[in-house]
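1. Sequence below, structure please.
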Amino acid sequence: MKKTFGEIIREGREHEGLPLRKVAAFIDIDPSTLSKIERGERSANKEMIPALAEILKISAHDLTLSLLSDSVAESLIYENNCSEILKVAEEKIVSLTTLSNWYEKKFGRAPENLPKIK
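-> All right, here's what the predicted structure looks like:
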């Protein structure tokens, strides 16, 4: 099984020999909050990733992948048709990305009623 975001953060912190309080201060959160994130009792947010990547020397891409996949897994854990849901979601993402890119090229700005695609 793949490691959770919190497990990756804890292992990275321990590998770098950094105390919890130092990492927490670096990303500007309370040490108890970071401890909860490491234990999977609280979710991190994407804004923390650049600082975590820097201090823990872990790829921001890998951290983002782990954080977002944790979120998807948590939202689907009790569903019986996870594969079907993921397939439909992927199709929607492709469709929204295509539509958003077309709109932006045509009108020079992102559409207001579609989610921003990065």
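
2. tell me the average confidence for stretch 45-54?
-> The average pLDDT within stretch 45-54 is 97.

3. Now the terminal residues of it, how far apart.
-> 16 Å (CA to CA, to the nearest Å).

4. buried set for that stretch?
-> The neighbour-count check on stretch 45-54 (16 or more other CB atoms under 10 Å) flags Met48, Ile49, Leu52, Ala53 as buried. Backbone N, C-alpha and C define where each C-beta goes, glycine included.

5. And stretch 34-43, by the same measure?
-> The neighbour-count check on stretch 34-43 (16+ other CB under 10 Å) flags Leu34, Ser35, Lys36, Ile37, Glu38 as buried.

6. Can you lay out the residues you listed as a markdown table showing distance to Arg13?
-> Listed next are the buried residues of stretch 34-43 as a markdown table, based on distance: CB to CB, whole Å:
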| residue | distance to Arg13 |
| --- | --- |
| Leu34 | 9 |
| Ser35 | 11 |
| Lys36 | 14 |
| Ile37 | 11 |
| Glu38 | 8 |
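
7. Mark which of those residues are part of helices, please.
-> Residues of those located in helices (DSSP state H): Leu34, Ser35, Lys36, Ile37, Glu38.

8. of those, closest to Leu67?
-> Nearest to Leu67 among these, counting by CB to CB, is Ile37 at 9.8 Å.

9. contacting residues around the closest one?
-> When contacts are counted by CB atoms under 8 Å, 6 or more residues apart in numbering, Ile37 is found next to Phe5, Gly6, Ile9, Ser43, Ala44.

10. So the third one is in contact with Ala53, correct?
-> No - the criterion here is CB atoms under 8 Å, and Ile9 misses it with Ala53 at 10.5 Å.

11. Output the below-cut-off pLDDT ranges for the chain.
-> Applying pLDDT under 70 to the chain flags residues 113-118.

12. if I look at the residue lying closest to Arg42 once chain neighbours are set aside, how far off is Asn45?
-> Using CB to CB, 6 or more residues apart in numbering and skipping residues adjacent in sequence, the residue nearest Arg42 is Lys36, 3.8 Å away. Separation of Lys36 from Asn45 (CB to CB, to the nearest Å): 13 Å.

13. ditto for Ser66
-> Relative to Asn45, and taking CB to CB, Ser66 is found at 13 Å.
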